[in-house]
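Peer 1: Sequence first, predicted coordinates after that:
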Protein chains: 4
Amino acid sequence: MANKIKVTIWNEFRHEMHLEAVRKLYPEGMHKAIGAGIKADDLEIGYAVLDEPEHGLTEAVVNSTDVLIWWGHCAHAEVADEIVRRIHKRVLEGMGLIVLHSAHFSKIFQALTGTNCSLKWREAAEKERLWNIEPAHPITQGIGEYFELPYTEMYGERFDIPQDGKIIFMSWFEGGEVFRSGVTFERGHGKIFYFRPGHETYPIFYNPDVLKVIGNAVRWARPLLFAEHTAPNVKPLEKISPKEADFGVAGIVQQVEL
Amino acid sequence: MANKIKVTIWNEFRHEMHLEAVRKLYPEGMHKAIGAGIKADDLEIGYAVLDEPEHGLTEAVVNSTDVLIWWGHCAHAEVADEIVRRIHKRVLEGMGLIVLHSAHFSKIFQALTGTNCSLKWREAAEKERLWNIEPAHPITQGIGEYFELPYTEMYGERFDIPQDGKIIFMSWFEGGEVFRSGVTFERGHGKIFYFRPGHETYPIFYNPDVLKVIGNAVRWARPLLFAEHTAPNVKPLEKISPKEADFGVAGIVQQVEL
Amino acid sequence: MANKIKVTIWNEFRHEMHLEAVRKLYPEGMHKAIGAGIKADDLEIGYAVLDEPEHGLTEAVVNSTDVLIWWGHCAHAEVADEIVRRIHKRVLEGMGLIVLHSAHFSKIFQALTGTNCSLKWREAAEKERLWNIEPAHPITQGIGEYFELPYTEMYGERFDIPQDGKIIFMSWFEGGEVFRSGVTFERGHGKIFYFRPGHETYPIFYNPDVLKVIGNAVRWARPLLFAEHTAPNVKPLEKISPKEADFGVAGIVQQVEL
Amino acid sequence: MANKIKVTIWNEFRHEMHLEAVRKLYPEGMHKAIGAGIKADDLEIGYAVLDEPEHGLTEAVVNSTDVLIWWGHCAHAEVADEIVRRIHKRVLEGMGLIVLHSAHFSKIFQALTGTNCSLKWREAAEKERLWNIEPAHPITQGIGEYFELPYTEMYGERFDIPQDGKIIFMSWFEGGEVFRSGVTFERGHGKIFYFRPGHETYPIFYNPDVLKVIGNAVRWARPLLFAEHTAPNVKPLEKISPKEADFGVAGIVQQVEL
């Protein structure tokens, strides 16, 4: 038990409540579909949703999570800044983060990338082919040279993300666009994976390739350690040559003792 | 005049007001020392400080600035979030940003990098040697293979920044530490340069190498264009094959017309 | 004249000699079509082809070239290793290099990237749409959010290049593939741009967008300086503490004098 | 046994043969000292040296190696190009490679980076402090925020390597220089770690921190898969619109059949 990876799947969980068609597709919410789809002996999976107190992401939950999965779409603005700061801090300390689909516009992904994360989009139930760019990467193990989603919302470039996003998947869309649809980042001690598939109106979180990728990403994003970031005032490790009483124009700094 | 680079130098301007020794060193503020030091025919230099309305960074000022230089230290928290968002947005649209010394902990640098930007530090008037890692880069033109600052505050690694920071200078410190002391980033359409030198109690903004680097960085960070980030709903460029009325479990997406 | 950029356009120039259809399309060779297409007052353009002595790339030519443009396809193996080393050395010293289309498999591009540069391909006269990923980059100035080539040879991912290739263009192909079709690298002091368009059987080097991009890339790749790489034995800049005669197991190193 | 990592430690093994002091320090060669130092149940360690046939790196050896460790210094030029190509190919296919100290100038490291790999150097038995820049990385587990080597040959910047080298360690030297002393690269499907420590005249390969890092790097560089790079001619995945017999100036390409 101690060695299991503690995964928390966070879902906005609004579309499923308010739209009959989405509820039909994901009766218990996308978070539960994802959880069922990646279930495995090495994972200990918990859930949290927007409308719980603190969005289900109390200090206790966040601090005992190894990898957080995030899906949001219509209510990004309702996520409290305080909770975003809590998660952001924890990612920099080591927690893994997997950002799904429309969560490209989540506060947490924007905060971690520093960019706008804007893109083009279209809902036309079109075909997407995700090309596997890094077959030797842990995230793509078990995936062939590409996989297809027959009906998807389209996301097109330019995707406003930092260029150090390592490209794992690149998508081709029937309607003529391309997209960096699987991209990893490292910020602080934490690993981040953005994965494009996942619109609420398609059965994408039942797709075996999508679930395989998410499961792989959880293992890849598992932290080796958690460490807080501090800015310590440190003693010199080497002898610093003595300075004259007035060593220049300023003359206000005291010479430290070794 | 039209082709001049519009530079705004922003300074917290508090140490100079409250500490006799700093005022003696920078009687008109560090911003004015920097401005005098980089003065040139191709630059149109303006100034702004924390205690002005909107910190001197009104929409009009920000929107007519090509490159913003930022120095802050003891009052990062007093910079209004609204102004930080305004600058952040403008950098993503193309504005250049030069972040000096203790502004590693400024809200704007943290927001753009997505990281904590923490580091070790020490005030011991020690020697720093900045090694020029990229002699072919525009920022290092006119600089030799290294330059020295005889009395500096020390900043030591680990510097918590994203690994896509391109290293322009690396520092050696007398007391035993090293530091990535000149680093470039690109976020959105904007270019960012973090440059370590600059403590308020040393005459660093009178140093010719430091001023040369800042001046070079201004030209390097000049935007080629400004463009807003939008997330347009776009028409397909290619014919999308017609879908069945009910194309799966969901069946709620309307087929778009070409 | 002194400030002109010296461009050398190198072409294998074999298809044009041996295939009637290619000769009809490029009667004087692709190099001359490119040269005519990018002609401008700030460029001084020269030409070199495989079957000249030293492939037209003598020490004198290489050492007076600012930016080298390279097109090869069926005769990569005939390029002498000595000439490849000469060009490689010069790129590391600062010379810009623009690698076109099938030159992904040229010895010089493989040598500079260290990778295989393999890809998928197909000749089906299909449509390519090149998405502009970095509209603020010097290479894309004057290009819209995409441009199209109606008939192209397809190149598909996985393209085996280092992940620090900064993506300028990403291609969509009618037949279902995607490709990183405009990518920049920096190696040593030199800048490298790989640009995908350019098969010998299509009039691609008459396309205004393609020519605009190549011309922009020439200005972008222009060196600020040339500098040889050396590995000097250097004196210490700081006093090194005296060592005991036998400072460990080895005891064979002489203490240097400051 | 099947799951052990197959490690081959390659050593030039010349200094140990010809210099009494080095032989005293490493009586069986540095390769054997490293092997003894990283010995563990999950590793199956073999050895190869320059003066064996094919330098001990036959097809059989290379193709059954998961991670190759490389030390060379005075005889880089004697390594046959054919063997370098064999290793290079295998790294691109997935084999891990750990490059030690003076092997920065080995043919294989230069071939993989595409750069000159030049640096400054000095033999003065001076102190080196290696700062741990990425405490959350697999390579630094068990290492504190820095470790020291009391007597080392100095390597100083500028180190001519590609900027995508992820910095794991940065060194401070007593004599005033800095260096990127632990750097990772990925090329093809293979992982590469350059690690600076290791001069033949110091007992560096008996240092527990150095050995810990090398052992960690072996596990990090272990391949998930081996895959050859090919450039297949592929069929379209989508229907390509029929082209006119003469679709432009060229008209020589045959329309493929779906």
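Peer 2: Good, I have the coordinates.
Peer 1: Could you give the backbone dihedrals for whichever residue of the stretch 151-258 of chain A sits closest to chain D?
Peer 2: Per Cβ to the nearest Cβ, residue A:189 is where the stretch 151-258 of chain A lies closest to chain D, at 3.7 Å. In this view, the C-beta of every residue, glycine as well, is placed from N, C-alpha and C. Main-chain dihedrals, residue A:189, degrees, to the nearest 10: phi -100, psi 10.
Peer 1: Below-threshold pLDDT in chain A: ranges please.
Peer 2: Applying pLDDT under 70 to chain A flags residues A:1-2, A:244-258.
Peer 1: that older thread, for the residue of the stretch 151-258 of chain A closest to chain D, give me its contacts.
Peer 2: Going by Cβ atoms under 8 Å, 6 or more residues apart in numbering or on different chains, residue A:189 touches A:92-94, A:223, A:225-227, D:135-136.
Peer 1: excluding its backbone neighbours, what's nearest it?
Peer 2: residue D:136 (3.7 Å; Cβ to Cβ, 6 or more residues apart in numbering or on different chains).
Peer 1: Tell me how many other residues surround that neighbour.
Peer 2: The local packing of residue D:136 (other Cβ atoms under 10 Å in any protein chain shown) involves 18 other residues.
Peer 1: what about the helices in the stretch 1-150 of chain A?
Peer 2: A:15-18, A:20-25, A:30-38, A:59-63, A:81-93, A:107-113 (DSSP state H, counting those that start in this stretch).
Peer 1: Deepest in the core, which of these is it.
Peer 2: helix A:107-113 (a mean of 23; mean count of other Cβ atoms under 10 Å in any protein chain shown).
Peer 1: How about it and chain C, touching?
Peer 2: No: Helix A:107-113 stays clear of chain C (Cβ under 8 Å from any Cβ of the partner chain), getting no nearer than 15.6 Å.
Peer 1: Could you see whether chain B lies near that helix?
Peer 2: Yes: Helix A:107-113 lies within reach of chain B by Cβ under 8 Å from any Cβ, at A:111-113.
Peer 1: other SSEs contacting that helix?
Peer 2: Here helix A:107-113 touches helix A:81-93, strand A:96-100, strand A:178-187, strand A:190-195, going by 3 or more Cβ pairs under 8 Å, 6 or more residues apart in numbering or on different chains; DSSP states H and E.
Peer 1: Out of these, which gets nearest to residue C:242?
Peer 2: Residue C:242 sits nearest to strand A:178-187 of all those, at 43.0 Å, using Cβ to Cβ.
Peer 1: Now find how far off-centre the closest one is within its chain.
Peer 2: A distance of 10 Å separates the centroid of the chain from that of strand A:178-187, by Cα atoms, centre = their mean, to the nearest Å.
Peer 1: quick one: it to strand A:96-100, angle?
Peer 2: Using axes from the mean of the first three to the mean of the last three Cα atoms, to 10 degrees, the inter-axis angle of strand A:178-187 relative to strand A:96-100 is 160 degrees.
Peer 1: strands paired with strand A:178-187, and their directions?
Peer 2: Applying DSSP bridges, strand A:178-187 is found paired with strand A:166-173 (antiparallel), strand A:190-195 (antiparallel).
Peer 1: In a helix, residue A:175, correct?
Peer 2: No: judged by DSSP: H, G, I helix; E, B strand; the rest coil, residue A:175 forms no part of a helix; its state is coil.
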